[in-house]
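Novice: Generate coordinates for the sequence data below:
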Amino acid sequence: MSLLPETVRRIDALVTDAQSAGRVPSLITGVVRDGALVHVAGAGVHPAPDPDIQYRIGSISKTMTAVLVLRLRDEGRLHLDDPLERHLPGTPVGAVTLRQLLGHASGLQREPDGDWWERSAGADLPTLLAGLGPEKLAHPPHFTYHYSNLGFGLLGGVLERLVGEAWWDQVRTRLLAPLGMRRTTYQAEEPFARGYVVHPWRGTLREEPRTDTGAMAPAGQLWSTTADLAAWAAFLADPDPAVLRPETLTEMTVPVAINDTWTGGHGLGVELARSGERIYVGHGGSMPGYVATVSVHRPSRTGVVGFANAYGFRAGHLGGLGVRLLDTVLDTEPPPAVRPWRPVDGLPADAAELAGRWWWMGREYETEWDPDTEELVFTLLRPARGVPWRFVREGTDRWRGRAGQNRGEILTVRRDAAGTVDTLDVATFVLTRDPDRVE
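Specialist: Now for the predicted structure:
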């Protein structure tokens with residue numbers, strides 16, 4: 001797959017302009033579609049952009065920490081509403097929950113004790129926990145959205161205590177290896193871009209330290225490449241079930257907290273941003289000398305990743321550029337190829353009984369079988385609107401909502417004395433075959 005020439009021209013121009021106006025030594029971006037890196041655009045010569053050069057990803061590390069937490073939840077080893085005390089006993093902030101920590105709704109202050117952790121060598125977990133005090137709660141939990149790096153350091157501690165394995169070892173074996181992300185590492189490995197602060201008047205470069213952040217690593221330690229981060233963007237768009245259940249990643253994108261402008265917020269470890277009628281998921285990242293971004297439009301399986309080796313842009317910012325690039329691709333490229341229709345071979349008997357027209361309160365629904373997903377699909381015909389309801393078989397005469405207004409709800413098939421399908425009970429709303437019949 002490749003992008004249209006006009007899309008490429010626009011992307012390359014946006015990246016070149018951003019590098020010049022932002023005065024960053026090196027800027028590189030990648031476009032991901034349907035799981036593949038389809039275009040790389042770069043500008044600057046310090047170093048010359050290359051998809052195999054490492055940059056620091058900063059807080060994008062948090063998305064990996066969150067996936068590990070959700071995996072443990074799916075394995076039954078924790079609950080998202082567990083208080084921190086259950087896994088890290090004895091802390092003075094132990095009443096906050098894992099869900100609140102993941103969504104930056106715990107009320108915890110932004111940073112741990114001591115010097116600015118991003119430029120200082122990190123401490124171990126016992127030292128991080130010893131620095132906690134009641135004063136670290138800046139707000140009551142769920143009172144307001146308040147971004148907290150400290151919260152993700154604590155989530156990393158939960159992972160280590162539960163699994164008995166270092167956070168980095170879990171990231172490497174459970175996430176990176178299955179996804180083939182071999183150039184994503186704990187510390188920088190050549191070739192990597194040195195990170196700088198650009199002097200505001202002279203235009204000179206000051207190289208920044210590349211610290212080991214210790215117990216705060218789950219909040220922002222990792223290094224990656226354009227090619228590897230593209231693989232992570234593809235995962236966020238359409239996860240490998242062997243790494244994380246697709247429905248769990250969808251759960252991660254439900255807002256936990258909304259920011260002050262209501263244009264974005266946080267799900268479970270992922271940032272959410274609105275651009276027009278589209279919702280993008282991903283995360284930004286910054287560490288001394290580096291900024292990074294990943295932004296994904298899940299319905300179209302399209303994403304943008306990017307890095308720069310300066311601590312911020314003189315004009316604009318990398319996250320905003322990522323959104324503009326993603327908008328450009330979605331506005332100019334044709335939508336993903338539509339799968340050709342094919343005849344259904346062997347419609348299941350229980351689905352065949354339910355196919356056809358159904359009515360509720362004067363509203364007409366058409367029900368059909370999707371053989372690719374093995375789901376019942378209800379489409380509202382009169383008045384035509386809304387996302388179709390999709391149901392997956394959960395048992396005899398019992399279906400579970402997978403999409404649309406009734407996601408998560410139960411559809412129960414009611415039968416008459418002869419065993420023939422009579423009505424459908426969708427979360428107490430009863431659908432009939434006859435528009436004149438009222439239940």
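Novice: Name the nearest residue to residue 213, ignoring sequence neighbours.
Specialist: Distance criterion CB to CB, 6 or more residues apart in numbering; nearest residue to residue 213, sequence neighbours excluded, is residue 122 at 3.9 Å. Just so you know, the C-beta spots here come from the backbone N, C-alpha and C atoms, and that holds for glycine as well.
Novice: List the contacts of the closest residue in space to residue 407 that isn't next to it in sequence.
Specialist: In space, and not counting its chain neighbours, residue 407 is closest to residue 401: 4.7 Å by CB to CB, 6+ apart. Counting by CB atoms under 8 Å, 6 or more residues apart in numbering, residue 401 makes contact with 389-391, 407-411.
Novice: quick one: strands adjacent to the host helix or strand of residue 401?
Specialist: Element membership of residue 401 [criterion: DSSP states H and E] is strand 398-403. Applying DSSP bridges, strand 398-403 is found paired with strand 389-395 (antiparallel), strand 410-415 (antiparallel).
Novice: ok, back up a step: okay but the residue nearest to residue 213 is in contact with residue 218, surely?
Specialist: No: contact status for residue 122 versus residue 218: not in contact, 10.7 Å apart, counting by CB atoms under 8 Å.
Novice: Neighbour count: the two, which is higher?
Specialist: residue 218 (30 against 21; other CB atoms under 10 Å).
Novice: Could you look up the SS state of the more buried one?
Specialist: helix (DSSP: H, G, I helix; E, B strand; the rest coil).
Novice: Would you enumerate the residues in contact with it?
Specialist: The contact partners of residue 218, by CB under 8 Å, 6+ apart, come to 61-62, 65, 152-153, 155-156, 159, 167.
Novice: So which of those belong to helices?
Specialist: 61-62, 65, 152-153, 155-156, 159, 167 (DSSP state H).
Novice: top of these by neighbour count?
Specialist: Compared across the ones in helices among the contacts of residue 218, residue 61 has the highest neighbour count, 31 neighbours, by other CB under 10 Å.
Novice: Setting aside sequence neighbours, what's the nearest residue to that residue?
Specialist: Closest to residue 61 by CB to CB, 6+ apart is residue 222, at 4.5 Å.
Novice: need the longest helix for this protein.
Specialist: Looking across the chain with DSSP H, the single longest helix is helix 5-22.
Novice: Give me the residues contacting that helix.
Specialist: 3, 26-27, 29, 31, 39, 41-44, 308, 310, 313-316, 318, 321, 324-325, 328-329, 332-333.
Novice: Just want the angle from the helix or strand following it to helix 5-22.
Specialist: Later in the chain than helix 5-22, the nearest helix or strand by DSSP H and E is strand 26-33. Put simply, strand 26-33 runs at 150 degrees to helix 5-22, going by axes from the mean of the first three to the mean of the last three CA atoms, to 10 degrees.
Novice: What mean pLDDT does the next helix or strand after strand 26-33 get?
Specialist: Following strand 26-33 in sequence order, the next helix or strand is strand 36-44 (DSSP H and E). What strand 36-44 shows for mean pLDDT is 97.
Novice: Does anything pack onto strand 36-44? Which helices or strands?
Specialist: On a contact count with 3 or more CB pairs under 8 Å, 6 or more residues apart in numbering; DSSP states H and E, strand 36-44 meets helix 5-22, strand 26-33, helix 226-237.
Novice: got the buried residues for that strand?
Specialist: For strand 36-44, the neighbour count (16 or more other CB atoms under 10 Å) marks 37-44 as buried.
Novice: Please name the strands paired to the helix or strand that it is followed by in the sheet, noting orientation.
Specialist: Sequence-wise, the next helix or strand downstream of strand 36-44 (DSSP H and E) is strand 55-56. Partners of strand 55-56 in the sheet, by DSSP bridges, are strand 223-224 (antiparallel).
Novice: residues in contact with the partner strand?
Specialist: By CB under 8 Å, 6+ apart, the list of residues contacting strand 223-224 from outside reads 54-57, 60, 181, 183-189, 192, 232, 292.
Novice: Quick one: buried ones out of the residues you listed?
Specialist: 54-57, 60, 181, 183-186, 192, 232, 292.
Novice: Show the contacting residues for residue 351.
Specialist: Contacts here follow CB under 8 Å, 6+ apart; on that basis residue 351 touches 369, 376.
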